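> just coords:
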C-alpha cells in the first residue's frame with residue numbers, strides 16, 4: 001500500500017529546493033536540484049520511488065503555472081499556493097530556502113495552505129494578451145507625459161499658441177510637434193523630440209492591433225455572452241469586459257461576492273481589538289482586476305443616464321443583464337452621492353463604488369454562465 005508524501009518546493013533562479021514529509025510531519029528527505037522541470041521530476045522520482053504517492057506545492061512566482069503543468073504531465077500532483085495566505089509564525093526572523101520548503105511541506109500536510117486557481121493554457125494566453133495591452137497603454141501614457149514635459153521645459157506651449165481648450169495628440173498637435181522637430185534650436189532637442197513622437201505613434205499602432213485582436217476574441221462563443229452582459233454596465237467597454245472575464249475566470253468558484261472582493265485585494269484593513277479601527281484596502285490581491293474596477297466607476301457620481309453608446313451596446317442583449325446593470329448604476333449613484341455629501345474623500349468614494357461594482361459583475365457573470373449551460377443542455 002502506497003503512503004502519501006507532502007513535498008514543499010521553494011523556487012529559485014539558481015536551484016529548486018525541496019522537502020518531503022509524511023502525514024504526521026516526519027521529514028523523509030530534503031534536497032536541491034537544477035531549476036528545470038526535467039531535473040526536478042527525475043530527482044523527485046529517485047527520492048520518492050514507486051511506494052509513495054506524492055503531493056507537491058510551491059508558491060505562485062514568476063514561473064507562473066508552467067512548473068505545475070510540467071509536473072502534472074509527468075504524473076505528479078502539484079498545487080500552486082497563494083503566498084500572501086501562507087501562515088506566519090510570530091517571532092521568526094530567519095528565512096532561508098531550506099526553511100521555506102520545509103514550512104510549505106509541513107503546512108501542506110496539515111491542510112493549512114490555500115490553492116491558487118490554475119487556468120487552462122489557452123485562458124492564460126488570452127489573459128496575457130489583455131495584460132500586455134494594458135502594459136502598452138501605460139507605456140504610451142508615460143511617453144506622452146514625457147513629450148509634454150519636454151516641450152514645456154523648452155518653452156514650447158501648444159495651448160498658449162492654439163487656445164486653452166486645444167486637445168493634445170490630435171492631428172493638429174502632431175503637426176505642431178513636427179514643426180518644432182524641424183525648427184528647434186539645438187540638434188539634440190530635435191532628435192529627442194522626433195524619437196519620442198515616433199515612439200508614441202508606434203505604440204498607438206500597437207495598441208490598435210491589440211484592440212482588434214481582443215475584439216475578435218470577444219466575439220467567440222465562449223466569451224460573447226459574458227462580454228454582452230458586462231457591456232450593459234456604464235463605463236465598461238470590450239477591453240474592460242475582457243479584463244474582468246480573463247482575470248476572474250469562472251465566477252462560480254466564488255461562492256459569495258465578498259470572496260471576489262477579497263480576491264481583488266479590496267478588503268478593508270481592520271484592527272478592532274478593544275475598539276474598532278479601519279484603514280485603507282489591503283491591496284493583497286489581483287491588481288489588474290482592482291485597477292479595472294476602479295477605472296470603470298469614475299463616472300459613478302453622475303446621474304445614471306443611458307448614453308447613445310450604452311444604448312447601442314445593449315441592443316439584442318438579454319433583459320436580465322440590463323436589469324442588473326441598471327440596478328448597479330442606481331446603487332453606485334446613490335452610494336457615491338451619500339458618501340460625497342457626508343464629506344468623504346473622492347478617491348475613497350471611488351474605491352467604495354468599485355467594491356460594489358465587483359459584486360454586480362459577479363452576479364452578471366454567474367447568470368451568463370448559467371444561461372450558457374442551459375443553451376448547451
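In hand now; what should we look at? Values in this document were obtained by computation on a predicted structure and should not be read as measured data.

> list the contacts of the residue positioned nearest the centre of the chain.
Centroid check for the chain by Cα atoms, centre = their mean gives residue 288 as the closest residue, at 2.7 Å. The contact partners of residue 288, taken as Cβ atoms under 8 Å, 6 or more residues apart in numbering, are 131, 134, 243, 247. C-beta: built from backbone N, CA, C; applies to glycine.

> from these, which land in helices?
Per DSSP state H, helices hold the following members of those: 131, 134, 243, 247.

> farthest-apart pair in these, please.
The largest separation in the ones in helices among the contacts of residue 288, counting by Cβ to Cβ, is between 134 and 247 at 10.8 Å.

> check for me that residue 7 belongs to a helix.
No: with DSSP: H, G, I helix; E, B strand; the rest coil as the criterion, residue 7 is located in strand rather than a helix.

> I figured it hits residue 52, correct?
No: the criterion here is Cβ atoms under 8 Å, and residue 7 misses it with residue 52 at 9.8 Å.

> so for those two, which sits in the more crowded spot?
Taking neighbours as other Cβ atoms under 10 Å, residue 7 and residue 52 compare with residue 7 leading, 28 against 16.

> which residues touch stretch 317-325?
So stretch 317-325 is in contact with 228-229, 231-234, 314, 360, 363-364, 367-368, 371, going by Cβ under 8 Å, 6+ apart.

> now for these, which pair is the farthest apart?
The largest separation in the contacts of stretch 317-325, counting by Cβ to Cβ, is between 234 and 371 at 21.9 Å.

> neighbour count: these two, which is higher?
Per other Cβ under 10 Å, whichever of residue 234 and residue 371 has more neighbours is residue 234, with 24 against 16.

> which residues touch that one?
299, 304, 307, 310, 325, 329.

> one more time with 6 Å
Residue 234 sits next to residue 329 when contact means Cβ atoms under 6 Å, 6 or more residues apart in numbering.

> make a PyMOL selection of the buried ones in the contacts of residue 288.
To isolate the buried subset of the contacts of residue 288 in PyMOL, counting by 16 or more other Cβ atoms under 10 Å, use the following:
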select buried, resi 134+243+247
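
> would you convert the contacts of residue 288 into JSON lines that also reports pLDDT and distance to residue 56?
Supplementary listing: the contacts of residue 288 in JSON lines, determined by pLDDT from 0 to 100; distance: Cβ to Cβ, whole Å:
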{"residue": "131", "pLDDT": "96", "distance to residue 56": "27"}
{"residue": "134", "pLDDT": "96", "distance to residue 56": "32"}
{"residue": "243", "pLDDT": "96", "distance to residue 56": "31"}
{"residue": "247", "pLDDT": "94", "distance to residue 56": "26"}
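
> include distance to residue 108 when you put the contacts of residue 288 into a markdown table, please.
Below are those laid out as a markdown table (distance: Cβ to Cβ, whole Å):
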| residue | distance to residue 108 |
| --- | --- |
| 131 | 29 |
| 134 | 34 |
| 243 | 32 |
| 247 | 26 |
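
> could you single out the nearest of the contacts of residue 288 to residue 207?
residue 134 (9.8 Å).

> show me where this protein has its strands.
3-11, 16-21, 27-33, 52-59, 77-81, 268-270, 278-281 (DSSP state E).

> got the buried residues for the third one?
What that stands for is strand 27-33. So for strand 27-33, counting by 16+ other Cβ under 10 Å, buried means 28, 30, 32, 33.
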